[in-house]
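Undergrad: Any chance you could fold what I've pasted below:
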Amino acid sequence: ALADSRVRTRAGLLSLVVSILLLAAKYQAYRMTGSTAILSDALESIVNVVAAVFALGGIAFAAQPADRNHPYGHGKIEFFSAAFEGGLIAFAAVLIIYQVIQAFLYGVDIRALDAGLAIVVLAGLANLALGLYLLRVGSAYQSLTLVADGKHVLSDFWTSVGIVVGLLLVRATGLWWLDPVTAGVVALNLMWTGFRLVRHAAGALLDEEAPGLLSRLLTALDARLGQGVIRVHHLRAIRAGRFHHVEAHLVVPEFWSVDQAHELSEDLAARV
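TA: Below you'll find the model as predicted:
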């Protein structure tokens, strides 16, 4: 468990360092070009940095063992972290929409597009690599915080793709208004991403039924019916970060010892 915690912490720290470097690069690209679309990308990177800091704290807190006041452990902090990140993404979308309105009201003076495009492309590729890494580590070590961070970073990659396409169109046509339009599309995509993250985290915090988990539990129990398990009732399961807590009343043969019942519970846990 300690080794798992170190891997998750290392992934969170890498996310923070890369996010800070990319924020600096995108802000420099905005200063060079004056592009509203690139500014929207930089605003999202601010969210990446704040979310990475919060994710590191969530991972550290979730690693603490269960205690008297928290018998199910501290894993649910990861759902709070994911919900917080989703809210930040939605807030970034609102800021971008404000910048889009400003651009349409006062116009945009776009310059040095080639250099700005090069920076955005490199930043996008870095986000692609980081996002895939975070998703892989988060899935392998069952960390919703890292999965949420990975999805956000990947959304940042697609944001960069959209911005590159939009700025190429601006460069080819000379139509300045395509720049804020691109930023507006980015904002709508971010709003949807933030909503999905908050919805998923809220479901876990409220112990929403998890059909996939229940299906695995029923499959494991069905395999033991008639082989030690006579009947099952009062089956319940909750998610607490990377852990699942399952409660069930199992009717077993009256002549079984406590050790046999314990072996049964371990076998069921391994099957799930």
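Undergrad: what separates the helix ranked longest in the chain from the chain centre, distance-wise?
TA: The helix of greatest length in the chain, counted in residues with DSSP state H as the criterion, is given as helix 2-33. Mean-position distance between helix 2-33 and its chain equals 14 Å (C-alpha atoms, centre = their mean, to the nearest Å).
Undergrad: Please name every helix or strand in contact with the helix or strand following it.
TA: Helices and strands here follow DSSP states H and E; after helix 2-33, the next one along the chain is helix 36-62. Under the contact definition 3 or more C-beta pairs under 8 Å, 6 or more residues apart in numbering; DSSP states H and E, helix 36-62 sits against helix 2-33, helix 77-106, helix 113-140, helix 144-173, helix 178-205. All C-beta spots, glycine's among them, are computed from the backbone N, C-alpha and C.
Undergrad: Please state the mean pLDDT value computed over helix 36-62.
TA: In this model, helix 36-62 carries a mean pLDDT of 80.
Undergrad: Then stretch 253-271?
TA: Rounded to a whole number, the mean pLDDT of stretch 253-271 is 69.
Undergrad: Assign A248 to helix, strand or coil.
TA: Going by DSSP: H, G, I helix; E, B strand; the rest coil, the secondary structure assigned to A248 is strand.
Undergrad: Going by secondary structure, the residue lying closest to it once chain neighbours are set aside is in what exactly?
TA: With sequence-adjacent residues excluded and distances taken as C-beta to C-beta, 6 or more residues apart in numbering, A248 is closest to L235, at 4.4 Å. With elements taken from DSSP H and E, the one containing L235 is strand 231-240.
Undergrad: coming back round to it: please convert the helices and strands packed on helix 36-62 to TSV, extending it with mean neighbour count, distance to F54 and mean pLDDT.
TA: Output for those, formatted as TSV (neighbours: other C-beta atoms under 10 Å; distance: least, C-beta to C-beta, whole Å; pLDDT from 0 to 100):
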stretch	mean neighbour count	distance to F54	mean pLDDT
helix 2-33	18	10	86
helix 77-106	20	6	82
helix 113-140	18	14	90
helix 144-173	22	9	84
helix 178-205	20	12	83
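Undergrad: between those, which one is nearest to F61?
TA: Ranking the helices and strands packed on helix 36-62 by distance to F61, with C-beta to C-beta as the measure, places helix 77-106 first at 4.7 Å.
Undergrad: hang on, the earlier thing: quick one: the residue nearest to A248 and S257, what's the gap?
TA: Taking C-beta to C-beta, to the nearest Å as the measure, L235 and S257 are separated by 24 Å.
Undergrad: So which of these two has more stuff around it?
TA: A side-by-side neighbour count of L235 and S257, using other C-beta atoms under 10 Å, places L235 first with 14 against 8.
Undergrad: so R68 sits in a helix?
TA: No. The secondary structure assignment for R68 gives coil rather than a helix, going by three-state DSSP.
Undergrad: Can you get me a residue count around it?
TA: Summarising burial for R68: neighbours were counted as other C-beta under 10 Å, giving 5.
Undergrad: And it, how close does it get to F80?
TA: Using C-beta to C-beta, one obtains 21 Å as the distance from R68 to F80.
Undergrad: can you list the helices and strands packed on helix 36-62 in JSON lines and add distance to S45?
TA: Below are the helices and strands packed on helix 36-62 laid out as JSON lines (distance: least, C-beta to C-beta, whole Å):
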{"stretch": "helix 2-33", "distance to S45": "4"}
{"stretch": "helix 77-106", "distance to S45": "9"}
{"stretch": "helix 113-140", "distance to S45": "8"}
{"stretch": "helix 144-173", "distance to S45": "7"}
{"stretch": "helix 178-205", "distance to S45": "12"}
